[in-house]
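In: coords below, sequence missing:
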Ligand SMILES: O=C(O)C1=C[C@@H](OP(=O)(O)O)[C@@H](O)[C@H](O)C1
Ligand SMILES: C=C(OP(=O)(O)O)C(=O)O
């Protein structure tokens, strides 16, 4: 168990420079674990993310009777797939605050059938899951709420599927569609499963990750744009043998932003131009802000090009990495607007409100809309103690405010409760120190 202090003081840093190796992608790790568990055959997973969210998935799979082994102390795991038949029919599963665990597992367990309860930390019980439960129950599954309707905890029982045409709303979280897609082959033994998306779908690139990984495990999804997805009858997941998890593109955003703000070059290793993660498109936003970015096969590098320019853009496709832009906006030459980020309100915390509150502590003038933020940078960044709301991304992105940029100086930043980074990046502050060390004032 890693030890974290109650708070962490980051001294202003003149320059960010160097390279770092990224931890594995959370989105790819948790999808791969579940698909490997459901598949026929044994899967060797390389560079799995080690963090709270993957721990939750690994422990849940273990409780469900899925055998897996870690190879020594490494991040290589061997998962023995159950070919769609879970050995354990009754389990109580702790899901922490991992959306990528509870949503896909709910759909898979409902489709397989059994007696399962799923619950998490208190914030998890405030994060919506009703659209997914509605879609599954309408098809004949039996999922009940044991607390507030529309939210975990959930009790899943054995249902009886009576229609394989399902519909799901896409405007709250794309993870609901991801969950149905991943569970679809379990329900398509004799008949195709069709999933229609009702209304607007948010966070679309995450669906590409889902489809890509399902394909690696042998299941092809036919689609009509973002409206309708079909899994033909008789497809089963089968192990690809071994699979490598790319570095996390959302985690990369903090280091690339550091390079763009404070000299650089900063290089992240483990993700590159052919990444399947939508969050690599974060670099386009950095470029729009005037940073110089180079993409290699398995690395990305960012450096400053003078003062950052303000940005006004739609960030619906990269909701996680967009938080990094909000803090980078402190260093821009004018007012920035981040649009179409309403989903921030139902994540680890209400991120629109938390971001506005903490940016104001640093001296920024912030307008918080229903689904947008407008950020006017301060003349000077003010030293502040940043509350992190048990949100890893709040802790990680606010570390950037300690950097000196071309336009303005970073301030002394106190990060409260830094242990929240363990959700996706337990060693974040060590890695951040590596690219800023030696330049402390
Ligand atoms: O499918 C995924 O891996 C994710 C989808 C996104 O959530 P929403 O679809 O709820 O925006 C993202 O914010 C989350 O961190 C990971
Ligand atoms: C929204 C996030 O997580 P989750 O997978 O729990 O939705 C996130 O990591 O920013």
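Out: Received it, and whenever you're ready, just let me know what you need. From a predicted model like this one, the values you see are computed outputs, not experimental measurements. Ligands and ions are numbered 1, 2, ... in the order given.
In: now do the helices for the stretch 251-400 of the chain: every range, in order, please.
Out: Under the criterion DSSP state H, counting those that start in this stretch, helices of the stretch 251-400 of the chain are mapped to 282-288, 322-328, 351-361, 392-398.
In: out of the ones you listed, which is closest to residue 172?
Out: Nearest to residue 172 among those is helix 351-361; the distance by C-beta to C-beta comes to 14.3 Å. The C-beta positions use only the backbone N, C-alpha and C, and glycine is treated the same way.
In: and the contacts of that closest one?
Out: Helix 351-361 is contacted from outside by 323, 326-327, 330, 341-342, 344-345, 366, 368-369, 371, 373, 375, 382, 384-387, 389, 391, 393-394, 398, using C-beta atoms under 8 Å, 6 or more residues apart in numbering.
In: out of those, which end up buried?
Out: Buried by 16 or more other C-beta atoms under 10 Å: 323, 326-327, 330, 341-342, 344, 366, 368, 373, 375, 384, 386-387, 389, 391, 393-394, 398, out of those.
In: up against ligand 1, what does this structure have?
Out: For the chain, the residues in contact with ligand 1 (C-beta under 6 Å from any ligand atom) are 27, 99-100, 173-175, 178, 202-203, 206, 319-320, 343.
In: before we move on, the earlier item: restricted to strands, list the contacts of helix 351-361.
Out: 366, 368, 373, 375, 384, 385, 386 (DSSP state E).
In: what sits closest to whatever residue of the stretch 1-150 of the chain ends up closest to ligand 1 if chain neighbours are left out?
Out: Closest to ligand 1 within the stretch 1-150 of the chain is residue 27: 3.2 Å, counting by C-beta to the nearest ligand atom. Nearest non-adjacent residue to residue 27, counting by C-beta to C-beta, 6 or more residues apart in numbering: residue 209, 5.4 Å away.
In: what are the buried residues along whichever strand or helix holds the one you found?
Out: Per DSSP states H and E: residue 209 is located in helix 205-216. For helix 205-216, the neighbour count (16+ other C-beta under 10 Å) marks 205, 206, 207, 209, 210, 211, 213, 214, 216 as buried.
In: could you export the residues you listed as CSV, including pLDDT?
Out: Formatted as CSV, those follow (pLDDT from 0 to 100):
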residue, pLDDT
205, 98
206, 98
207, 98
209, 98
210, 98
211, 98
213, 98
214, 98
216, 98
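In: which of those residues lies at the shortest distance from ligand 1?
Out: Of all the buried residues of helix 205-216, ligand 1 sits closest to residue 206, with 3.7 Å by C-beta to the nearest ligand atom.
In: leaving out sequence neighbours, find the closest residue to the closest one.
Out: Spatial nearest neighbour of residue 206, chain neighbours left out: residue 174 (4.8 Å); criterion: C-beta to C-beta, 6+ apart.
In: low pLDDT regions in the chain?
Out: Residues of the chain meeting the criterion pLDDT under 70: 438-441.
In: quick one: name the residues of it near ligand 2.
Out: Applying C-beta under 6 Å from any ligand atom, one finds that the chain approaches ligand 2 through 97, 98, 99, 100, 320, 347, 348, 393, 424.
In: pull the contacting residues for residue 410.
Out: 12, 13, 262, 381, 400, 401, 402, 403, 404.
In: go again with 10 Å.
Out: The neighbours of residue 410, taking C-beta atoms under 10 Å, 6 or more residues apart in numbering as the test, are 10-14, 16, 261-262, 330-331, 362, 380-381, 383, 399-404, 436, 441.
In: am I right that it sits in a helix?
Out: No: counting by DSSP: H, G, I helix; E, B strand; the rest coil, residue 410 falls outside a helix, being coil.
In: heads up, I number from 39, so please use that
Out: Sounds good: first residue 39 from here, last item residue 448.
In: ok, it to residue 411 distance?
Out: Separation of residue 448 from residue 411 (C-beta to C-beta, to the nearest Å): 21 Å.
In: also residue 441?
Out: Applying C-beta to C-beta, the value for residue 441 to residue 411 is 20 Å.
In: and for residue 42?
Out: Taking C-beta to C-beta, one finds residue 42 at 28 Å from residue 411.
In: swap in residue 110?
Out: Residue 110 is 45 Å from residue 411, where distance means C-beta to C-beta.
In: okay, and which of the residues of the chain next to ligand 2 map to strands?
Out: Within the residues of the chain next to ligand 2, no residue falls in strands by DSSP E.
In: any idea which of the residues you listed is closest to residue 276?
Out: Nearest to residue 276 among the residues of the chain next to ligand 2, with distances taken as C-beta to C-beta, is residue 138, at 22.2 Å.
In: helix, strand, or coil at the residue nearest to that closest one when sequence neighbours are not counted?
Out: Nearest residue to residue 138, sequence neighbours excluded (C-beta to C-beta, 6+ apart): residue 68, at 4.0 Å. Following three-state DSSP, the label given to residue 68 is helix.
In: can you pull the contacts of residue 68?
Out: By C-beta under 10 Å, 6+ apart, the contact set of residue 68 is 86-87, 89, 91-92, 94-96, 136-139, 141-143, 283.
In: can you do 8 Å?
Out: 91, 92, 95, 136, 138, 139, 142.
In: the first one: neighbour count?
Out: Translated: residue 91. When neighbours are defined as other C-beta atoms under 10 Å, residue 91 has 23 of them.
In: could you check how far stretch 111-122 is from the centre of its chain?
Out: 21 Å (C-alpha atoms, centre = their mean, to the nearest Å).
In: buried sites along it?
Out: For stretch 111-122, the neighbour count (16+ other C-beta under 10 Å) marks 113, 114, 115, 117, 119, 120, 122 as buried.
In: can I get these in CSV with secondary structure and distance to residue 194?
Out: As requested, these are arranged in CSV below (DSSP: H, G, I helix; E, B strand; the rest coil; distance: C-beta to C-beta, whole Å):
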residue, secondary structure, distance to residue 194
113, coil, 30
114, coil, 31
115, strand, 26
117, strand, 22
119, coil, 21
120, coil, 17
122, coil, 16
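In: and the strands in the stretch 89-238 of the chain?
Out: Assigned by DSSP state E, counting those that start in this stretch, the strands in the stretch 89-238 of the chain fall at 105-108, 115-118, 128-132, 153-157, 180-183, 192-195, 203-207, 231-236.
In: now the stretch 239-388 of the chain
Out: Along the stretch 239-388 of the chain, the stretches classed as strands by DSSP E, counting those that start in this stretch are 259-262, 266-269, 280-282, 301-307, 330-333, 337-341, 350-352, 374-377.
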